[in-house]
Every structure is written in structure tokens, then in C-alpha cells.
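Novice: kindly return the folded structure for what I paste below:
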Amino acid sequence: MKKIFLSIAIISSLFIGGCTSLDMKPISSISDANFWKSADQFDAFMTGLHTRFREHAYNFFILGEARSDVFGDLPFGGEASQGVERLPYNTINEENPGISNYGKFYENINQLNLMILRTNETEILTEAQKNYYIGQCYGMRAFYYFHILRSWGDAVITTEPTFTVDVSNMTKEASPVTDVMKQIKADIEVSINAFGSDYAIKGQKSMWSKAATLMLKGEVYLWSGKQMGGGNGDATIAKSALTDIQNNVSVLGLMEKFSDVFAYTEKGNKEIIFAFRNQLKEHELWNGSFQVNFLPSRSYFGTYYDAATGEKFDLTKENRLGGIRLGIKKENINRYDDKDSRKLMTLKGVYNKLEDGSLDLIGVFNYKYQGVQDVADNRSMCDDYPIYRYADLLLMLAEAKAMLGENPAEEINAIRQRAYGENYNSKTIGFPNQPNDKDINETILEERFKEFFMEGKRWYDLRRFGSEYVFKYTLAENGNTDKLLWPIDKTTLTNNRALKQTPGYKPAGAE
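Specialist: As a prediction, this is how the structure comes out:
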């Protein structure tokens, strides 16, 4: 990631931040005119785009998981939740929107638009270089808009870079959700066509690739198939996109052990399709937000017991510490079978010892991201954050097959075999032999819950399968489908008077 630091220095004059109505101040025409003089500068700009992409990882996670049944308990150590409990309680509103300024996504969308423009018009790059960059840009832009669509529905669509207009106070209406979906699908097709036959995945899986776009395509068409009337036609397209990866990227597959997928020493392993890369002394998971929001505090953790040893936690070993603001439901640990290897690698139980010597579960915390030992008894949480991995491909493929009335056993059982290892028994554990397997939707949702815990997928999964699943599993107000989207914060509404508040929430200025 040294290259990223160099690239940021080179392009800092072009990447303009700020909290605006759409987070996208105009690009300096002077800086822009002095750039784009060499292939190295294009490469530096693309690296910078991925750096900004990584900065949005925490917002991607919050939008995709924080309102789900993963969370809902108060911090077991007594920390103040500081208002973030509104997310799993689903009590966000205009005053407390959870995410402001559309997650600052438009900031990087504007830069992607600039990269597209300059790449298309340059004569410096080879056609192969231009096509790869175009494939990356359109894929990443579609990824941003897909988050926006699932979170806010109607949205402003911008496909041209802003140079002279002051968009801090721009007036532009949001396009209907159907048009946003059309834009997403169009961007995906441009990306796929630009990549052509180039399935190379660069940067040790930390750079966007054709495989990433195809994963996105599968996810998008599953959504539109279930939520926007696409039905079997969209399921067929999703299936085709996912099998395209299987047929053309032979290096991909499941890691033999679930724990190895996330190991610091296994970055860019064969299961990863695209991940946000973090390195020791370079960048921590979610820019440090993981450690300060999801890990227990040193001030109290040593007073609790570890069921694995029967003793109090040894802070020289269990030193992934920080603070908890968003509490995981302790009951979630019991959703895993003891023979399922994902249980020990996903959640860590925290216990009090009772007078009779027995242990009483008082809370859990995430154990998937282990970090790496830094100095003394400090642990740096510089784990990668996976966006797409092969297990996701298999379970999305199973979902597409189920929609088409086909048998998803092969894909589901591949996941279960890896999870259970030597404990796997096809007659009792294999699909369709578990009690939950009578309902294929419940089967896929539960398998995805166990597999992708803390990977930013659960809320989106429930939403995709239907509001009835959201109301069944989360604390969302039963029947209030208007509140399944996110409110637009007041500042954004003030800066762009053409925007309308998300249905179900109060408009700007309303009492």
C-alpha cells in the first residue's frame, strides 16, 4: 500500500472533499489541466479512487448490516451507545438519520466520472489500459449507486464530472428508483464489455475487476428479480453472471478452513474476489471504527470469563480491545451448531461466574476479524474487509437456482461441508435434511447469516427476500414498509431544495 500513499500525494489537488449536499464539490479546472500527462498519472488516479473507495467501507457496512438482527443488545460492558442503538431498534429519523450526505458516496462518484471522461479522451494509454480502467470505473460507480438505491430508493443520478457549477447548493431532483436501477444495469454492461476477455484481478484482490462486476451483476439482478418485478428473467441473468466467473476465473474457490479466509497471513487468498485491503501501520479496518465500536474495553474485559478456559480473560492474549457502541445480540451465538466451525470464528462469548461456579453468558463480540499483534500487548485491527468472496458466489447461485425451480443442493452443501469439516454428515447436515430446509428461503437466509456475519450483508439480504423477513427477524416496526429505507438528513435537504424526504419520514421544515 506504499503506492497508495504516493498516489494520494500526487492527486490530492484533484480529490476535493467536504460535506456538501451531495459531497461533490467541483473539480479544479487548473489542477485538472495539469494532470493526465502520463500513464503513471492515470494509474495513480485509479489507485486514489480505490483509496477513497476504502474510506467508505464503514458506511457500506452500516447500510448493509447495522439495522438487522445481528445487533440489538446494549453494550455488555456498560458503555454509552451514543445513539447508535437507533440503528438496530430502527428508530432513525430526520434528526438522527444514521447516515448523512448519502454516505459521502457522491464525492467519489464525481471522481469516477472524471476518470471516465479523461480515460475516454486520452491518447496516452493503450486500448487495453483504457478498457481496464473503464471497466473498473463503471463497475465501481454501479456499486455506489446500488447502495444508494437499496438505502434511499429514488436518487440523484450524475454521470458527468462537475467542473464549474457549485454543487454545494445545487438543485437537482432525484430520479425514480426504476431509473436508478436502469443506470446501475447500464453501467454494469459497460463495465463487462470494457473488460472484455480480461479476467485478471489486480492488487492481490484489492482492485476492482471483471469478476467483481459480475458478482455485482448477480447481486443486482437478484434484487430486481425479487423486488422490482424481474422474476425468473432476472434470476436467469444473475445465474449466468455467476457461472461466468466460475467458468473463466479458475483460481477462485473455497478455502479449506473458514478461519483462513480472514487470516492476516492469507490476504488475497483464493476465496477473495474483491476486498478492501488494510495493512499493519498503514490502515485499520473501517479506518479504526471497528475497534472503537465493536470490541470490548480494556477497563472491564479482564473481569469476565472465557468459557474456553473457565478462567478470566487474559488481556495479554485476548487483546483485541477498544469499546462497544453497537451490541451484538448474545442469542446469535446459539444460532450456530457447536459442530459448525464458523461459530468459534465468528462470535466470542463473555461470561460471569455464578456462586455455584457455573458460567452465565452476558454478552458476545465479533471474533471474525482477529487483527495482528503489533507491539507489546497491542493488537492492530488491520484485517481486510471482504466485499465479494467465492462463498457469496455459491450462495447467490443457490438463490438464483431456487428462484428458477432448480436444485441448489450442490452450492449449499459446499458451504456446509467447509463449515462442518470432519463433522459433516450429508444425512443430517446436508441439504435438504436439516429441519430448516423445508423452506428454501429460510435455508438460504440462515446460511448467509452464519457465513457473512459482520460482512455488511444481513440487512440487505432480508430486504431482498421481502419485508416479511425484515419484520420477522428485526426490530423494525411490523408492517411499516416506508421505514425500511433511510431518511435524508436535514442539511442535504436544505442544500438541495429539489430533493424530497424519503417517504415515511418528515419533510424538511416539518414539525
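
Novice: under the pLDDT cut-off, which ranges of this structure? List them.
Specialist: By pLDDT under 70, the weakly predicted segments of the chain are 1-30, 164-170, 508-511.

Novice: for Ile328, which residues make a bridge with it?
Specialist: Listed beta-bridge partners, Ile328: Phe71 (assigned using DSSP bridges).

Novice: mind checking how far stretch 335-343 is from the chain centre?
Specialist: 23 Å (C-alpha atoms, centre = their mean, to the nearest Å).

Novice: residues contacting it, please?
Specialist: 257-259, 333, 346-347, 419-421, 423, 429, 446, 449-451, 453 (C-beta atoms under 8 Å, 6 or more residues apart in numbering). Placement of C-beta: from N, CA and C, glycine included.

Novice: drop anything exposed from those.
Specialist: Taking 16 or more other C-beta atoms under 10 Å as the criterion, what is buried in the contacts of stretch 335-343 is Phe258, Ser259, Ile333, Thr346, Leu347, Ala419, Tyr420, Ile429, Phe449, Lys450, Glu451, Phe453.

Novice: can you list those in a markdown table and add secondary structure and distance to Ala80?
Specialist: Shown next, in a markdown table, are these (DSSP: H, G, I helix; E, B strand; the rest coil; distance: C-beta to C-beta, whole Å):
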| residue | secondary structure | distance to Ala80 |
| --- | --- | --- |
| Phe258 | helix | 34 |
| Ser259 | helix | 33 |
| Ile333 | helix | 24 |
| Thr346 | helix | 26 |
| Leu347 | strand | 23 |
| Ala419 | helix | 36 |
| Tyr420 | helix | 40 |
| Ile429 | coil | 42 |
| Phe449 | helix | 28 |
| Lys450 | helix | 30 |
| Glu451 | helix | 32 |
| Phe453 | coil | 25 |
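
Novice: mind putting the residues you listed in CSV, distance to Ile62 included?
Specialist: As requested, the buried ones among the contacts of stretch 335-343 are arranged in CSV below (distance: C-beta to C-beta, whole Å):
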residue, distance to Ile62
Phe258, 24
Ser259, 25
Ile333, 22
Thr346, 19
Leu347, 20
Ala419, 27
Tyr420, 31
Ile429, 33
Phe449, 18
Lys450, 21
Glu451, 20
Phe453, 15
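
Novice: closest to Ile387 out of the residues you listed?
Specialist: For the buried ones among the contacts of stretch 335-343, the residue nearest Ile387 by C-beta to C-beta is Glu451; the value is 14.2 Å.

Novice: next, count neighbours for the nearest residue in space to the closest one that is not next to it in sequence.
Specialist: Leaving aside its chain neighbours, Glu451 sits nearest to Ala391 (5.5 Å; criterion: C-beta to C-beta, 6 or more residues apart in numbering). For Ala391, the count of nearby residues is 26 (other C-beta atoms under 10 Å).

Novice: what residues sit buried inside the longest helix along the chain?
Specialist: As assigned by DSSP state H, the longest helix anywhere in the chain is helix 127-152. The neighbour-count check on helix 127-152 (16+ other C-beta under 10 Å) flags 129-152 as buried.

Novice: what does stretch 462-470 give?
Specialist: Result for stretch 462-470 [16+ other C-beta under 10 Å]: buried residues Leu462, Arg463, Arg464, Phe465, Ser467, Tyr469, Val470.

Novice: for the stretch 201-350 of the chain, which segments are assigned as helices?
Specialist: In the stretch 201-350 of the chain, the segments counted as helices under DSSP state H, counting those that start in this stretch are 210-227, 231-248, 289-294, 298-301, 341-346.

Novice: tell me which of the ones you listed lies nearest to Ala307.
Specialist: In terms of C-beta to C-beta, the element of these nearest to Ala307 is helix 341-346, at 10.6 Å.

Novice: now the closest one, how far from the centre of its chain.
Specialist: Centre-to-centre, helix 341-346 and its host chain are 20 Å apart (C-alpha atoms, centre = their mean).

Novice: stretch 434-445 now?
Specialist: Chain-centre distance of stretch 434-445: 24 Å, with C-alpha atoms, centre = their mean.

Novice: circling back: just say which of the helices of the stretch 201-350 of the chain is most tucked in.
Specialist: Ranked by mean neighbour count, the helices of the stretch 201-350 of the chain are led by helix 210-227 with a mean of 25 (mean count of other C-beta atoms under 10 Å).

Novice: which strands or helices does that helix pack on?
Specialist: helix 127-152, helix 177-195, helix 231-248, strand 272-276, strand 385-389, helix 390-403, helix 458-465 (3 or more C-beta pairs under 8 Å, 6 or more residues apart in numbering; DSSP states H and E).

Novice: to Pro435, which of those lies closest?
Specialist: Closest of the helices and strands packed on helix 210-227 to Pro435 is helix 390-403, at 17.7 Å (criterion: C-beta to C-beta).

Novice: that closest one to helix 458-465, inter-axis angle?
Specialist: On the basis of axes from the mean of the first three to the mean of the last three C-alpha atoms, to 10 degrees, helix 390-403 is oriented at 20 degrees to helix 458-465.

Novice: please save the CA atoms from helix 390-403 in PDB.
Specialist: Provided in PDB are the C-alpha atoms of helix 390-403 (Å, rounded to 0.1, in the frame of the first residue of the first chain):
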ATOM      1  CA  TYR A 390     -16.500 -17.300  -3.500                       C
ATOM      2  CA  ALA A 391     -18.800 -18.400  -0.700                       C
ATOM      3  CA  ASP A 392     -21.100 -15.400  -1.700                       C
ATOM      4  CA  LEU A 393     -21.000 -16.600  -5.300                       C
ATOM      5  CA  LEU A 394     -22.200 -20.000  -4.300                       C
ATOM      6  CA  LEU A 395     -25.000 -18.800  -2.100                       C
ATOM      7  CA  MET A 396     -26.200 -16.200  -4.700                       C
ATOM      8  CA  LEU A 397     -26.100 -19.000  -7.300                       C
ATOM      9  CA  ALA A 398     -28.100 -21.200  -5.000                       C
ATOM     10  CA  GLU A 399     -30.600 -18.300  -4.600                       C
ATOM     11  CA  ALA A 400     -30.900 -17.900  -8.400                       C
ATOM     12  CA  LYS A 401     -31.400 -21.600  -8.800                       C
ATOM     13  CA  ALA A 402     -34.100 -21.700  -6.200                       C
ATOM     14  CA  MET A 403     -35.900 -18.800  -7.900                       C
END
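
Novice: orientation of that helix relative to helix 231-248 in degrees?
Specialist: Using the same axes, to 10 degrees, the inter-axis angle of helix 390-403 relative to helix 231-248 is 140 degrees.

Novice: and the contacts of helix 390-403?
Specialist: Residues outside helix 390-403 that contact it (C-beta under 8 Å, 6+ apart): 215, 218-219, 222, 225-226, 231-232, 235-236, 238-239, 242-243, 245-246, 252-254, 261, 270-273, 407-408, 411-412, 414-415, 418, 440-441, 444, 447-448, 451-452, 457.
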